[in-house]
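Student: Turn this into a model:
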Amino acid sequence: MMLLLADAILPVFGLVALGYLAGLTGYLSAETSDGLSDFAVGVAMPLLLFETMRGVDLGGGAPWALWATYFVAAAIAWTAGHLAVTRVFGRDSQAGVVGGAATAFSNLVLLGIPFMQRVYGQEGFEVLSLLVAVHLPLMIMTSIVLFHFFGSGTGEPAGPLRLARNFARRILKNPLIVGILLGLLWRLAGLPLPDVLGRLVDALAGVAGPVALFAMGLGLRKFGLSGQVAPALLLSALKLLLMPAVALGAALLLGLPPLTAKVAVAAAALPSGVNSYLIATHFGTGQALASNQLIIATACAALTTAFWLTVSQMVFG
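Tutor: Below is the predicted model of the structure:
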């Protein structure tokens, strides 16, 4: 079992480590990281999601049990992260929103997609795609609403209509959401994909995982540890231990099929993505907290994800 885990996990986190070393040694620049990330998120990943959603089988309906399992875990982790920042470390409520986002916002794309492909194959990736389809919209909407509730600090009016427009603009401009929606529309239309176009899509989608992992590692070099280490450590522990534990319990209670349950737990066990840092930057608070938590959680995730994969295998078979 340990050999299988090592074979599944080491190549994934090995590519992240190689990217980080390339940045640490100065072999590749931060600008290279930005370019690779733009290609992965703007071209390769949307095409991969398009191809997956074009052939995904929803089994006659929306996967409500999967969504409930994951987002119950995310809600509890978000609440715990918010309370940790505000009650334990005495920060204001806006910093608490950043802490909650950092604790609940899994890196489902740059890390999650190649990780699930490696560990659970195409079927596992298709399950993850159903999470990716709703994850970003729900998490971004939650962040915007909570910052509005606690006061955005921007000095601009932020009524419901403005919030709705800002949310719709962000989501519809996101290439990942565009890829998912186009794939579903293509499936509903029942259109065949021409051979030439299909080969082009496959070629670009095929490099999505490795490029995303390397770009993620290279991008981590830009984020340094600068204060706020203690709260970042606590948020990382909540992200990597509490959230997957809640997901595992919810999967058992809701009776998810074994593969779906294991993907839900693994997705919850993934470290935080860069979105929490982007949220902090956008609203002008908690940047150091989000940056530190991103680095610490990613560094620890190789061990904690192996633990949760082992537990999931024991529980769900």
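
Student: What is the distance between the helix ranked longest in the chain and the centre of its chain?
Tutor: Secondary structure of the chain per DSSP state H: the longest helix is helix 112-150. Centroid separation for helix 112-150 versus its chain: 5 Å, with CA atoms, centre = their mean, to the nearest Å.

Student: The next helix or strand after it vs helix 112-150, what angle?
Tutor: Next in sequence after helix 112-150, counting helices and strands by DSSP states H and E, comes helix 160-173. With axes from the mean of the first three to the mean of the last three CA atoms, to 10 degrees applied, the angle from helix 160-173 to helix 112-150 works out at 170 degrees.

Student: Return the list of helices and strands in contact with helix 160-173.
Tutor: Counting contacts by 3 or more CB pairs under 8 Å, 6 or more residues apart in numbering; DSSP states H and E, helix 160-173 is packed against helix 112-150. Any C-beta I mention is one placed from the backbone N, CA and C, and that applies to glycine too.

Student: got the buried residues for the helix it packs on?
Tutor: Across helix 112-150, burial judged by 16 or more other CB atoms under 10 Å covers 112-120, 124-137, 139-144, 146-147, 150.

Student: Same check on stretch 291-303?
Tutor: By neighbour count with 16+ other CB under 10 Å, stretch 291-303 contains the buried residues 291, 292, 293, 294, 295, 296, 297, 298, 299, 300, 301, 302.

Student: Mark which of those residues are part of strands, please.
Tutor: Residues of the buried residues of stretch 291-303 located in strands (DSSP state E): none.

Student: could you dump the residues you listed to a markdown table with pLDDT and distance to residue 14?
Tutor: Shown next, in a markdown table, are the buried residues of stretch 291-303 (pLDDT from 0 to 100; distance: CB to CB, whole Å):
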| residue | pLDDT | distance to residue 14 |
| --- | --- | --- |
| 291 | 84 | 23 |
| 292 | 88 | 23 |
| 293 | 91 | 23 |
| 294 | 88 | 19 |
| 295 | 87 | 17 |
| 296 | 90 | 19 |
| 297 | 92 | 18 |
| 298 | 90 | 13 |
| 299 | 88 | 14 |
| 300 | 93 | 16 |
| 301 | 91 | 13 |
| 302 | 87 | 9 |
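
Student: just curious, which of these is nearest to residue 11?
Tutor: Residue 11 lies nearest to residue 302 out of the buried residues of stretch 291-303, by CB to CB, at 11.3 Å.

Student: mind checking which helix or strand of the protein has the lowest mean pLDDT?
Tutor: Here the helix or strand of the chain ranked lowest by mean pLDDT, DSSP states H and E is helix 160-173, holding a mean of 71.
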